[in-house]
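A.B. asks: sequence and predicted model, in that order:
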Amino acid sequence: QVQLQESGPGLVKPSQTLSLTCTVSGGSITTKYHYWSWIRQPPGKGLEWIGYIAYSGSTNYSPSLKSRTSISRDTSKNQFTLQLSSVTPEDTAVYYCAAARPGGKYEYWGPGTQVTVSS
């Protein structure tokens, strides 16, 4: 069974870069046809898709976050990483990593990790 686990700092200062890693077990991030995604949920709001890195290594980002977002992977560690630059308090959210299939159905989710942006 595929399991995902987010890790990273829970507190980031404004203007800094938020960096989170998702470690995948029970399956390879290069397996067709999974899209390894980052999603967040700000307090009191709905889920917001941030972007993904595909099994092939290609990436796709939300237009509203594209200028600040980078998603990369380390296939030797079976991990993928989110970097979100120039954060503000509006980036405070629970961040999830997830695996999506073609068509947008999310098959696996991590438990989520709270990230607060505050000085």
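C.D. replies: Alright, I've got the coordinates. The structure presented is a predicted model; accordingly, all values stated were derived computationally and were not measured.
A.B. asks: relative to residue 119, how far out is the residue most central in space within the chain?
C.D. replies: Nearest to the geometric centre of the chain sits residue 38, at 2.6 Å (CA atoms, centre = their mean). Distance check for residue 38 against residue 119: by CB to CB, to the nearest Å, it reads 24 Å. Glycine gets a C-beta too; all of them are placed from N, C-alpha and C.
A.B. asks: mind listing what the worst-scoring helix or strand of the chain on mean pLDDT pairs with, with the direction of each?
C.D. replies: Between all helices and strands in the chain, the lowest mean by mean pLDDT, DSSP states H and E belongs to strand 106-109, at a mean of 94. The pairing partners recorded for strand 106-109 under DSSP bridges are strand 93-100 (antiparallel).
A.B. asks: what are the contacting residues of the strand it pairs with?
C.D. replies: 2, 4, 6, 8, 20, 22, 24, 27, 34-43, 47-48, 52, 80, 82, 106-110, 112-115 (CB atoms under 8 Å, 6 or more residues apart in numbering).
A.B. asks: CA atoms of the least confident helix or strand of the chain as CSV?
C.D. replies: The C-alpha coordinates for strand 106-109 follow below in CSV (Å, rounded to 0.1, in the frame of the first residue of the first chain):
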residue,chain,number,x,y,z
TYR,A,106,-6.6,11.5,-5.9
GLU,A,107,-5.6,8.0,-4.9
TYR,A,108,-3.4,8.5,-1.9
TRP,A,109,-2.9,11.3,0.6
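A.B. asks: what angle separates the next helix-or-strand element following that strand from strand 93-100?
C.D. replies: Going down the chain from strand 106-109, the next helix or strand is strand 113-117, by DSSP states H and E. In terms of direction (axes from the mean of the first three to the mean of the last three CA atoms, to 10 degrees), strand 113-117 departs from strand 93-100 by 140 degrees.
A.B. asks: buried ones in strand 113-117, by neighbour count?
C.D. replies: Buried positions in strand 113-117, judged by neighbour count with 16 or more other CB atoms under 10 Å: 113, 115, 117.
A.B. asks: can you tell me which of those residues is nearest residue 16?
C.D. replies: Taking CB to CB as the measure, residue 16 lies nearest residue 117 of the buried residues of strand 113-117, at 8.3 Å.
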